[in-house]
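>>> only geometry, no sequence info:
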């Protein structure tokens, strides 16, 4: 897609978050003319906004541009689960890279959740409704149950983390309201948040610090200048000493983000929200009001919001919302929670998860002027918040702790041109394995 044909859809998905978020009215729609900054940041999601906040905290001037609006991408469409988790297991990291590296990754995960807490408290983002409520991981069969129980034991022995508790079938059924699971593990250092209010709260904090945010401002081209770098937009230009690319799963909107586009595979995740339940029905599900996930490869998850259930999962394909994907989610929800049969669905929406080849985020440099952070593999609220600050430090010449997330250059996905049929094939295989209980 070239700059002349690129389209930047400003319409929001029919999400519960978009309907319930506080408005953000102090940004500028469309950058015009020439602007100067110390750091220009492409992408107004968690990574870009947190990077800009870090730049401002260091006494420098950030300018953030986005083809759409603050939080329009994954930061405003996700499930609102704040987690220490990576898509790779820490015991697996210990086997592949050693216990010390696994410990560093463990600390990154916990630092990431702590960073969300810090940002919400420091910038008084009450509307984010952040709660450190814990996450219950529900095993869909005995094989999965043995795996997560073994992982909990390793976490206690290797990392001294005794906060993860193993629950049996009856305990999980009593809390979730579903008899679809054989047990689970409860981790307390996870939370839930209103994701779009969080993103907009970060934007307000940045504006208060003197940072600039320009919505509806796609980066059309990037060029080196004698003093640094320049980003051209439809009606203007930003010159800066440094550039940060923070476009994640939406890195293919214009050619300007070509250096990182092939490092991620966009994968659609879909969600539905029920109507508010009556007190009697709501009392039977999610009784501890945490976030909940399951162990299938094509993971599904659920959480409360008010007296509603939000139910989401992987496996929606294509570049737009998919009615078959929503129908499959609704069917799965009723299979897990038969008591929700007939409960109306009021909202359906989806967004892009940025998957990487090794299931790890990537933070690094394209060149001495350009840094990037992306590829959160569906667990990005906490990690993007932490890596936003760290990629800013990296761009400004520091060497922040990144552990396995450090990327000397974008790790491109091989055979990128056939990524969509390849993703469909892998997803189909995962769905088959889930169906036969493997």
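That came in fine, so what should we check first? Fair warning: this is a prediction, and the values are worked out from it, not measured in the lab.

>>> thinking residue 60 is in contact with residue 36, fair?
No - with contact defined as Cβ atoms under 8 Å, residue 60 does not count as touching residue 36 (11.7 Å). All C-beta spots, glycine's among them, are computed from the backbone N, C-alpha and C.

>>> Looking at those two, which is more packed in?
Regarding residue 60 and residue 36, a neighbour count based on other Cβ atoms under 10 Å identifies residue 60 as having more, with 18 against 15.

>>> and the closest residue to the more buried one other than its chain neighbours, what helix or strand is that in?
Closest residue in space to residue 60, ignoring its immediate chain neighbours: residue 38 at 3.8 Å, by Cβ to Cβ, 6 or more residues apart in numbering. Counting by DSSP states H and E, the secondary-structure element that holds residue 38 is strand 33-42.

>>> Quickly run through the sheet partners of that strand, with directions.
In the sheet, strand 33-42 lines up against strand 62-65 (parallel), strand 236-245 (parallel) (DSSP bridges).

>>> mind listing the helices for the chain?
Assigned helices in the chain, in chain order: 16-20, 46-57, 74-77, 90-97, 99-122, 142-159, 169-176, 195-208, 258-261, 279-282, 323-336, 380-395, 419-435 (criterion: DSSP state H).

>>> From the centroid of the chain, which residue is nearest?
Taking Cα atoms, centre = their mean, the centroid of the chain lies closest to residue 380, which sits 2.8 Å from it.

>>> How much space separates it from residue 280?
As judged by Cβ to Cβ, to the nearest Å, residue 380 and residue 280 stand 36 Å apart.

>>> low pLDDT regions in the stretch 251-400 of the chain?
Judged against pLDDT under 70, the low-scoring parts of the stretch 251-400 of the chain cover residues 297-298, 315-321.

>>> give me the number of residues near residue 32?
In terms of burial, residue 32 registers 13 neighbours under the definition other Cβ under 10 Å.

>>> Over to residue 408?
Residue 408: 8 neighbours (other Cβ under 10 Å).

>>> Mind pulling the model confidence for it?
Model confidence at residue 408, expressed as pLDDT, equals 93.

>>> And for residue 237?
Residue-level confidence at residue 237 comes out at 97, pLDDT.

>>> Leaving out sequence neighbours, find the closest residue to it.
Distances taken as Cβ to Cβ, 6+ apart put residue 34 closest to residue 237, at 5.2 Å, once the chain neighbours are dropped.

>>> mind listing what the one you found touches?
If a contact means Cβ atoms under 8 Å, 6 or more residues apart in numbering, then residue 34 has 236, 237, 238, 239 as its contacts.

>>> Can you tell me which of those residues is closest to residue 80?
Lowest distance from residue 80 to the contacts of residue 34 (Cβ to Cβ) belongs to residue 238, with 31.6 Å.

>>> can you tell me how far the closest one sits from residue 139?
With distances taken as Cβ to Cβ, residue 238 is found 49 Å from residue 139.

>>> And for residue 52?
Going from residue 52 to residue 139 by Cβ to Cβ gives 40 Å.

>>> who's more crowded, those two?
When neighbours are counted by other Cβ under 10 Å, residue 52 and residue 139 differ, and residue 52 comes out ahead with 35 against 24.

>>> Skipping adjacent residues, who's closest to the more buried one in space?
Among residues not flanking residue 52 along the chain, residue 62 sits closest, at 3.8 Å (Cβ to Cβ, 6+ apart).

>>> So in terms of bridging, what pairs with that neighbour?
Under the criterion DSSP bridges, residue 62 forms beta bridges with residue 39.

>>> That one contacts residue 55, correct?
Yes - contact criterion Cβ under 8 Å: residue 62 and residue 55 qualify, at 4.0 Å.

>>> Between those two, which contacts overlap?
What both residue 62 and residue 55 touch, as defined by Cβ under 8 Å, 6+ apart, is the set 38, 39, 41, 211.

>>> Nearest to residue 175 among the residues you listed?
The closest of the shared contacts of residue 62 and residue 55, once distances to residue 175 are taken by Cβ to Cβ, is residue 41, at 41.1 Å.

>>> neighbours of the closest one, just the number please.
36.

>>> Please verify my assumption that it contacts residue 65.
Yes - look at residue 41 against residue 65 with Cβ under 8 Å: they come within range, at 7.4 Å.

>>> how about residue 405, what does it touch?
Applying Cβ under 8 Å, 6+ apart to residue 405 gives the contacts 108, 360, 361, 362, 363, 387.
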